[in-house]
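A.B. asks: Pasted the sequence and its predicted model underneath.
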Amino acid sequence: MFREKLEQEFAARRAKNPRHFLRAFAAFLGTDHSSLAQILRGSRRAPAVQIRAWARKLGLTQEEAAVYIAAEHVPDAATAHRQHQLRHWTAEALGIVSEPAHWEIVRLSRAAAFEPDSRWIARQTGLTVDQVNVALSRLLRLRLLAIGADGKWQDFATQAITERQFRKLALARVRQMAKE
Amino acid sequence: MGNPVVQFQILSKNPDQTAQFYSSLFGWGVDANNPMGYRRIETGSPEGIQGGIWPSPPQAPTFVQLFIAVEDVTVAVQKAEGLGAQDDHSSYPLA
């Protein structure tokens, strides 16, 4: 990150001349020492235009400056994790809202003639086996359904009698799991 | 017993194309004639492990999962969490 580059540069100048203070370094870069101190502390980021100008003064090429600018826009690990989680749970919720396959599987699993077989479900619903399995995976992830070691399917959404009730229950489960 | 890697699984948005690709590339056999329609991969070699292909949701990337045998899944998950891992709540028995 550009902050580390500034720190290295400042440390190098201090090593050569212990009387080189932050104020002098800020003046060299053409900024005030307060703004520079904030950037060095990490309490604010240097904007792209500033990185470009300071990089020039530090003798960096335009290409090197562009790398530092790009690096400033890469989210940190915590932000990237939050974004990933948001994408994941939004996709789970969207799947529940937009794909009736989930309810179809749950509904069929309650039928007396039910066969715990994705191919059978696909034939009953007109979906492809892959569509059934994508929905089945989501039901398992959301713990709305379980498949025992004996191959038996267990319905954990028994309180939902209608598709509307099921979607409400499933979305509540998504919210609950997203918080965990 | 140790904890061997017992199976690999390719998650793909286009499972048929993926099966076709690896069959053509390595001569792997792919058989989906089972209740889950699970595309079992037979690499044709007694060495290494066998695998499978499972459909991934449209918004998910294509990726590979490794299955590692453990004595007790719950204990293994707790230990992994103690080491900093996060449980994605997807553990359930394989029929």
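C.D. replies: Structure's in. What do you need?
A.B. asks: May I see the buried residues of the helix or strand containing residue A:69?
C.D. replies: Assigned by DSSP states H and E, residue A:69 belongs to helix A:62-73. Neighbour counts over helix A:62-73 (16 or more other C-beta atoms under 10 Å in any protein chain shown) mark A:65, A:68, A:69 as buried. Every C-beta, even on glycine, is put in place using the N, C-alpha and C of the backbone.
A.B. asks: Which member of those residues is positioned nearest residue A:138?
C.D. replies: Minimum distance to residue A:138 across the buried residues of helix A:62-73 is 39.5 Å, recorded for residue A:69 (C-beta to C-beta).
A.B. asks: Tell me the confidence at the closest one?
C.D. replies: Note on residue A:69: pLDDT of 93.
A.B. asks: Report the contact partners of it.
C.D. replies: The contact partners of residue A:69, taken as C-beta atoms under 8 Å, 6 or more residues apart in numbering or on different chains, are A:2, A:48, A:51, A:52.
A.B. asks: And those, which is closest to residue A:131?
C.D. replies: Among the contacts of residue A:69, and counting by C-beta to C-beta, the member closest to residue A:131 is residue A:48, at 44.8 Å.
A.B. asks: how near is the residue nearest to that closest one when sequence neighbours are not counted to chain B?
C.D. replies: Spatial nearest neighbour of residue A:48, chain neighbours left out: residue A:69 (4.7 Å); criterion: C-beta to C-beta, 6 or more residues apart in numbering or on different chains. Distance, residue A:69 to chain B, by C-beta to the nearest C-beta, to the nearest Å: 27 Å.
A.B. asks: and if you look at residue A:54?
C.D. replies: In this view, residue A:54 and chain B are 37 Å apart by C-beta to the nearest C-beta.
A.B. asks: tell me which residues in the lengthiest helix in chain B are buried?
C.D. replies: Longest helix of chain B, by residue count under DSSP state H: helix B:15-26. Going by neighbour count (16+ other C-beta under 10 Å), the buried part of helix B:15-26 is B:15, B:18, B:19, B:22.
A.B. asks: try stretch A:169-180
C.D. replies: A:169, A:170, A:173, A:174, A:177.
A.B. asks: Return the member of these nearest to chain B.
C.D. replies: Chain B lies nearest to residue A:177 out of the buried residues of stretch A:169-180, by C-beta to the nearest C-beta, at 6.1 Å.
A.B. asks: what's near enough to touch residue A:45?
C.D. replies: By C-beta under 8 Å, 6+ apart, the neighbours of residue A:45 are A:3, A:39, A:72.
A.B. asks: With pLDDT and distance to residue B:41 as extra columns, can I get those in JSON lines?
C.D. replies: As requested, those are exported to JSON lines (pLDDT from 0 to 100; distance: C-beta to C-beta, whole Å):
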{"residue": "A:3", "pLDDT": "91", "distance to residue B:41": "48"}
{"residue": "A:39", "pLDDT": "92", "distance to residue B:41": "53"}
{"residue": "A:72", "pLDDT": "84", "distance to residue B:41": "44"}
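A.B. asks: Could I get the phi/psi values of residue B:56?
C.D. replies: Main-chain torsions, residue B:56, degrees, to the nearest 10: phi -100, psi 150.
A.B. asks: Does it touch residue B:10 like I think?
C.D. replies: No: here residue B:56 does not reach residue B:10: they are 9.0 Å apart, not a contact under C-beta atoms under 8 Å.
A.B. asks: Identify the contacts common to those two.
C.D. replies: Both residue B:56 and residue B:10 are contacted by B:62, B:63, under the criterion C-beta under 8 Å, 6+ apart.
A.B. asks: I'd like the domain boundaries of chain A, if you could list them.
C.D. replies: As assigned by automatic domain parsing, chain A contains the domains A:2-73, A:78-179.
A.B. asks: so what secondary structure elements neighbour whatever helix or strand residue A:13 lives in?
C.D. replies: Secondary-structure assignment from DSSP H and E places residue A:13 in helix A:2-16. For helix A:2-16, the elements it packs on are helix A:22-29, helix A:33-41, helix A:48-57, helix A:62-73, judged by 3 or more C-beta pairs under 8 Å, 6 or more residues apart in numbering or on different chains; DSSP states H and E.
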